[in-house]
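Trainee: need a structure here:
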Amino acid sequence: MKKIFFISIVLVVIFSSCKKKENVLVQSKVISDVIVDSAMANALGYASDTVYSLYIPNTFTPNGDGINDLFAPDGTGDWKSYYFEIRDKYNKRIFNTVDRFKGWDGKAAYEVLQQGVYQYYVEIKTGIPDMVHKYTGGVMIVK
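Mentor: Here you go, the predicted structure:
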């Protein structure tokens, strides 16, 4: 059975406001859309050709205004397992979860962190193909 995989990177622009009510440009990106041909998807019992997609913003504003207060990867598809962690500039892990629906609130040990860039690591195991996908990058806290 022929397997065809395409990785696409698409930038999606989202606007949000920060504490001073100034407009802040927040760019989210579609990290990966894994596509298989129709025959493979149908043989494996999937109605859609898209196996999974992962969206990871690069900026958030944890200021309590209810807009972009949490940072979390989001997406669709058949995720068998999930791991997400945040590290500071000293590579110290300050947040981690295996709950796909839990986000990071910009705090470490209950203290609000300073504006800056923090590193994320996301690991997803998908059903088609049955493999682990790993993603790393930076997210900026804007205050």
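
Trainee: who are the neighbours in contact with the residue lying closest to residue 134 once chain neighbours are set aside?
Mentor: Excluding its sequence neighbours, the residue lying closest to residue 134 (Cβ to Cβ, 6 or more residues apart in numbering) is residue 123, at 5.1 Å. Yep, even glycine has a C-beta here, placed from its N, CA and C like the rest. For residue 123, the contact set (Cβ atoms under 8 Å, 6 or more residues apart in numbering) comprises 81, 82, 83, 84, 132, 133, 134, 135.

Trainee: confidence score at residue 123?
Mentor: Listed pLDDT for residue 123 reads 94.

Trainee: quick revisit: wait, which of the contacts of residue 123 is closest to residue 52?
Mentor: residue 133 (8.0 Å; Cβ to Cβ).

Trainee: so the closest one bridges to which residues?
Mentor: residue 124 (DSSP bridges).

Trainee: What are the buried residues along stretch 103-123?
Mentor: Neighbour-count burial for stretch 103-123, counted by 16 or more other Cβ atoms under 10 Å, picks out 103, 104, 105, 106, 108, 113, 118, 119, 120, 122.
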